[in-house]
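*Asks:* 3D model of this:
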Amino acid sequence: EKQLIIEARNDLEILSNISQQLKDKKIAVQSIEIETDLDEATIYVDFPVSQLKNVQSILADFLKLPGIHSVDIV
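*Replies:* All right, here's what the predicted structure looks like:
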């Protein structure tokens, strides 16, 4: 299992855009966890290792979205 970690502004529209991107690219997500404070949100997306290439291919797309600060895979 791998994890995509996205740090972004705490904004419902941004979280919705992330979710939509994952759906559009047909990423098989095992779980999504969101931690928020006043202005920031950290989104943890667990996915199977078999999806790693698919997830890597959309990292640049996430970084283009307004309000996203960083994207990482661990």
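*Asks:* can you map out the helices along the protein?
*Replies:* For the chain, applying DSSP state H gives helices covering 12-24, 52-64.
*Asks:* Which among the ones you listed is found nearest to L4?
*Replies:* Closest to L4 of the helices of the chain, according to Cβ to Cβ: helix 52-64, at 5.7 Å. (C-beta placed from N, C-alpha, C; glycine too.)
*Asks:* What are the buried residues along the closest one?
*Replies:* 55, 58, 62 (16 or more other Cβ atoms under 10 Å).
*Asks:* Thought V74 was touching the first one, still the case?
*Replies:* No - in this structure, V55 is not within contact of V74 by Cβ atoms under 8 Å, at 11.5 Å.
*Asks:* so what sits against both of these two?
*Replies:* Common contact partners of V55 and V74 (Cβ atoms under 8 Å, 6 or more residues apart in numbering): K2.
*Asks:* Make JSON lines from the helices of the chain and add mean pLDDT and distance to T36 to it.
*Replies:* Compiled in JSON lines, those are given as follows (pLDDT from 0 to 100; distance: least, Cβ to Cβ, whole Å):
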{"stretch": "helix 12-24", "mean pLDDT": "92", "distance to T36": "9"}
{"stretch": "helix 52-64", "mean pLDDT": "93", "distance to T36": "18"}
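*Asks:* Including distance to Y44, could the ones you listed go into TSV?
*Replies:* TSV is the format used below for those (distance: least, Cβ to Cβ, whole Å):
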stretch	distance to Y44
helix 12-24	11
helix 52-64	13
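*Asks:* closest one to I43 among these?
*Replies:* Closest approach to I43 among those is made by helix 12-24 (6.2 Å; Cβ to Cβ).
*Asks:* what separates that closest one from the chain centre, distance-wise?
*Replies:* Put simply, helix 12-24 sits 8 Å off its chain's centre (Cα atoms, centre = their mean, to the nearest Å).
*Asks:* go on, stretch 18-36?
*Replies:* With Cα atoms, centre = their mean as the basis, stretch 18-36 stands 6 Å off its chain's centre.
*Asks:* May I see the buried residues of that stretch?
*Replies:* Buried residues in stretch 18-36 (16+ other Cβ under 10 Å): 18, 22, 27, 32.
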